[in-house]
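Undergrad: Generate a structure from the sequence data that follows.
(chains A and B)
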Amino acid sequence: MELNLMLILSQLFNGLVWGILLGLLAVGLTIIFGALDIINFAHGVLYMVGAYSAYTFSLVITQVLGTTTGNFWIALFFAPILVGLLGVIVEIFLFRPMYDRDIIYQFLLTFGLALVIQELVIIVWGSMPMSFPTPKILRGVVDMGFMFYPKYRLFLLVLTPLIMIAIWLFLEKTKYGSIIRAGTEDKEMVTLLGINIRRVFTMIFSFGAAMAGLAGALAGPVLGNLQPELGNTVLLPSFVVVVLGGMGSFPGAILGAILVGLTKGITTMIWAPASQVVVFALMALILIFRPQGLLGKR
Amino acid sequence: MKLRHSGKLAMVCLSLLSLTALLFGAASTVSAEEVVFATVDDLSGPYAASGDEGVKAVELALEDYNYTILGKKIRFVKRDTQLKPAVGVRKFRDVVEQEHPVFVQSGCSSAVQLAMQEVAEDTKTLFWTQGWASKLTSAGTANRYTFRWDSTNYAIAHSSVAGFMKKLPECKTFYCITMDYAWGHDMYKEVDAVIKRLGGKVLGNVLTPIKETDYSGAITKALSAKPDVIVLNQYGSPLIKAARAVHEFGAKDRAKILIPADGLTMLRGIGSEALQGMYVGTHWWHQVDNAFSKKLVARFQKKYGMVPSYYVAANYVGALMTLKAMERCGSTDVEKVICALEGYSYDGPTGREEIRAFDHQVVHPFLLGLGKKPGEKEYDDDYLTIIGSASVYRTHEQNPVVWKLKLPCDK
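TA: Okay, the predicted model is just below:
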């Protein structure tokens, strides 16, 4: 029986790690949807670009500084910025002409963008899997008494909630944060207040993209290796999280992510082949009782 | 009256035209000055690098013959399956109907290859298949036009699992982490049989979806059963993810890790940090000490600047043996080439190899290696120390293949 308890606990941990990484992605996705009304199918590839660029940054930093200490942390800082800048370019040059058009144009645009970015990644980095090293001080496992658990995953369980709190404080307590929130709630009012809504949109998309990039960079050592299909593997689950939590809702995204992560973790323990389907079943079930999602507004 | 005349004239013209077409058509097939070799593989998308290796391998073999066989020019055509089953089968059919190749090579997923294999039989096209679809030479699916160099899952289990159990007799209990896919199920069946036959015990098997990104659950489950050995019945990118996760969770400190089938391309993804201390089976390894391998490695490195994987060796052998068979029988006719291939034995990349006549499986040793520590490596691709090899294939009684189309060879 003690053995089973250990298994359940470690599965809950595994589910949480997956959930919070998904949460970071979903937060960006839901904010973008809330403000721009765009369902961003390119969100998965932005996550992939985050992971690949973190990999390259740490290689370059290692060569420049001649040491591997600290390279991951610098990469973790620069990768989201790079993806954020990519977001600025995409929003200004591709999304802006599309806001007034039918939703099908936006759908095709983000879908096409995802394909183009994926092919670009193959051109730049190649299609062979590349091995992403774990930062030195976080290698190995910790004996927690009741189980052994990888240090890096424990680190994620501490860091990611802190990042989420920081995002929440930014959205709730700062001027820019309130502009973003206003943008997601009432665009007309923001414009009437004399705020340049175009700039707000650019800011929001770039912010969402940077979150995806950060999630990619953080996920690198957990994934262990980078592959061009990385974007596709997270896109669908993060959509599920957004729909489940309520489209456009920040706390909903986090709640949804944790729920999805835990459900997946527990299912893996009981019957692994169902672990990917169960996430969709959960979504269907919740939508039957709450069509607007857990924390969504009608 | 006039109308009838012009009608007649038109008729004559038409029949003349069709007659010339017929004559020219017939003439062009009889005295064709060229033969076509073809690759139908994943040349774009996530597995493009592997498809590209297949192309390079065939090119190398054709270069050996200066792109000429029996005085005919060889033209090499490539078709991309885009990793999509429907596209793969269509491309295969297209290339067969348009180019009439005397040799087609492929190595994509099981389902696609099974479909391709049927087309090969329908169109009487020589088909060399590698990779996933290990059942293509088994009774029930094998056909006269299909040849395969890669070992079958039966051979893989009997050499890597049995080899491992011989080296480490103290390991008695096993736990499998198997990909939920036809290949994984088949591999598990063979591994399970070998372990039981040699007196070991399989404590459990956890199935993981083919697109799984998080193996933590499966590994935790395996570790909680406290086995001596964890077996990863995974292949391709799922294997890379699973092996990395095994390392991350420190599973190597609490159990031995055995990967029945692996290859250089996947080892590069796993990396030495994770790979060290794992037991790894492979079809071929570039450090194998024989003249054939040394020449292949040297030529491949000179031409392409990289170390060849087993997939290169497999496809190189397929193309080269076909060319040699054409030389021996003095013809590029598919039926004659097949007869010349059947039962032929030669010094190949793994040593003495034989193309079995009854199922068209190439019989050759399968290797077992041990992952080197990063510090012990002499160069980047120096991942393994080869510690054993075995060549155990199903016998004719165990694999009672019957050809649907039977055209006996005069021997």
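
Undergrad: going forward, measure contacts between C-alpha atoms and count neighbours the same way
TA: Noted.

Undergrad: Distance check, the residue nearest to B:Arg356 when sequence neighbours are not counted against B:Phe292.
TA: Counting by C-alpha to C-alpha, 6 or more residues apart in numbering or on different chains, the nearest residue to B:Arg356 once its immediate chain neighbours are dropped is B:Gly343, at 4.9 Å. Using C-alpha to C-alpha, to the nearest Å, one obtains 20 Å as the distance from B:Gly343 to B:Phe292.

Undergrad: Over to A:Ile81?
TA: Taking C-alpha to C-alpha as the measure, A:Ile81 and B:Phe292 are separated by 51 Å.

Undergrad: could you pull out the helices for chain B?
TA: B:2-30, B:48-64, B:85-99, B:110-123, B:153-156, B:162-167, B:182-197, B:216-224, B:237-248, B:264-270, B:272-275, B:291-304, B:310-329, B:334-341 (DSSP state H).

Undergrad: nope, the stretch 151-298 of chain A is what I was after
TA: For the stretch 151-298 of chain A, the helices identified by DSSP state H, counting those that start in this stretch occupy A:151-173, A:175-185, A:187-192, A:197-223, A:230-245, A:250-271, A:277-289, in order along the chain.

Undergrad: With mean neighbour count added, can I get the ones you listed in JSON lines?
TA: Listed next are the helices of the stretch 151-298 of chain A as JSON lines, based on neighbours: other C-alpha atoms under 10 Å in any protein chain shown:
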{"stretch": "helix A:151-173", "mean neighbour count": "16"}
{"stretch": "helix A:175-185", "mean neighbour count": "18"}
{"stretch": "helix A:187-192", "mean neighbour count": "14"}
{"stretch": "helix A:197-223", "mean neighbour count": "26"}
{"stretch": "helix A:230-245", "mean neighbour count": "24"}
{"stretch": "helix A:250-271", "mean neighbour count": "24"}
{"stretch": "helix A:277-289", "mean neighbour count": "15"}
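
Undergrad: between those, which gets nearest to B:Thr81?
TA: Closest to B:Thr81 of these is helix A:230-245 (C-alpha to C-alpha; 19.7 Å).

Undergrad: Next, the angle from that closest one to helix A:250-271.
TA: Going by axes from the mean of the first three to the mean of the last three C-alpha atoms, to 10 degrees, helix A:230-245 is angled at 110 degrees with respect to helix A:250-271.

Undergrad: Would you mind listing the outside residues contacting helix A:230-245?
TA: Taking contacts as C-alpha atoms under 8 Å, 6 or more residues apart in numbering or on different chains, the residues outside helix A:230-245 that touch it are A:22-23, A:25-27, A:29-30, A:41, A:43-48, A:118, A:248-249, A:251-257, A:260, A:279-280, A:283, A:286-287, A:292-296, B:211, B:213.

Undergrad: what about the residue in the stretch 151-298 of chain A positioned nearest to chain B, how many neighbours?
TA: When distances are taken as C-alpha to the nearest C-alpha, the stretch 151-298 of chain A reaches nearest to chain B at A:Pro273, 5.3 Å away. A:Pro273 is flanked by 18 other residues according to other C-alpha atoms under 10 Å in any protein chain shown.

Undergrad: I figured it was touching B:Ile210, is that so?
TA: No - the pair A:Pro273 and B:Ile210 fails to qualify as a contact (C-alpha atoms under 8 Å) at a distance of 9.0 Å.

Undergrad: and for those two, which residues touch both?
TA: Taking C-alpha under 8 Å, 6+ apart as the contact definition, A:Pro273 and B:Ile210 share the neighbouring residues B:Asp180.

Undergrad: The residue of the stretch 251-400 of chain B found nearest chain A: what's it in contact with?
TA: Proximity to chain A, evaluated over the stretch 251-400 of chain B using C-alpha to the nearest C-alpha, is greatest for B:Gly269 at 4.9 Å. Going by C-alpha under 8 Å, 6+ apart, B:Gly269 touches A:Met128, A:Pro129, A:Met130, A:Ser131, A:Asn225, B:Ile240.

Undergrad: if you set the cut-off to 7 Å instead, what comes out?
TA: The neighbourhood of B:Gly269, defined by C-alpha atoms under 7 Å, 6 or more residues apart in numbering or on different chains, consists of A:Pro129, A:Met130, A:Ser131, A:Asn225, B:Ile240.

Undergrad: One more: B:Thr350?
TA: The neighbourhood of B:Thr350, defined by C-alpha under 7 Å, 6+ apart, consists of B:Trp284, B:His364, B:Pro365.

Undergrad: try A:Ile258
TA: Residues near A:Ile258 by C-alpha under 7 Å, 6+ apart: A:Leu16, A:Gly19, A:Ile20.

Undergrad: Closest one of those residues to B:Arg254?
TA: A:Leu16 (24.2 Å).

Undergrad: could you dump the helices of the stretch 151-298 of chain A to JSON lines with distance to B:Phe37 and mean pLDDT?
TA: Rendered in JSON lines, the data for the helices of the stretch 151-298 of chain A read as follows (distance: least, C-alpha to C-alpha, whole Å; pLDDT from 0 to 100):
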{"stretch": "helix A:151-173", "distance to B:Phe37": "50", "mean pLDDT": "91"}
{"stretch": "helix A:175-185", "distance to B:Phe37": "59", "mean pLDDT": "82"}
{"stretch": "helix A:187-192", "distance to B:Phe37": "62", "mean pLDDT": "81"}
{"stretch": "helix A:197-223", "distance to B:Phe37": "40", "mean pLDDT": "91"}
{"stretch": "helix A:230-245", "distance to B:Phe37": "35", "mean pLDDT": "90"}
{"stretch": "helix A:250-271", "distance to B:Phe37": "46", "mean pLDDT": "89"}
{"stretch": "helix A:277-289", "distance to B:Phe37": "43", "mean pLDDT": "91"}
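
Undergrad: Next, name the residue at the spatial heart of chain B.
TA: Against the mean C-alpha coordinate of chain B, by C-alpha atoms, centre = their mean, the closest residue is B:Gln130 at 1.3 Å.

Undergrad: if I look at it, how far off is B:Arg75?
TA: With distances defined as C-alpha to C-alpha, the gap from B:Gln130 to B:Arg75 amounts to 22 Å.

Undergrad: Residues of the stretch 201-350 of chain B that sit close to chain A?
TA: Where the stretch 201-350 of chain B comes near chain A, counting by C-alpha under 7 Å from any C-alpha of the partner chain, the residues are B:206-209, B:216-217, B:220-221, B:224, B:241, B:244, B:248-250, B:269-271.

Undergrad: Pull the contacting residues for the residue nearest in space to the middle of chain A.
TA: With distances taken as C-alpha atoms, centre = their mean, the residue of chain A nearest its centroid is A:Leu25 (1.6 Å). Neighbouring residues of A:Leu25 by C-alpha under 7 Å, 6+ apart: A:Met211, A:Ala212, A:Ala215, A:Ser238.
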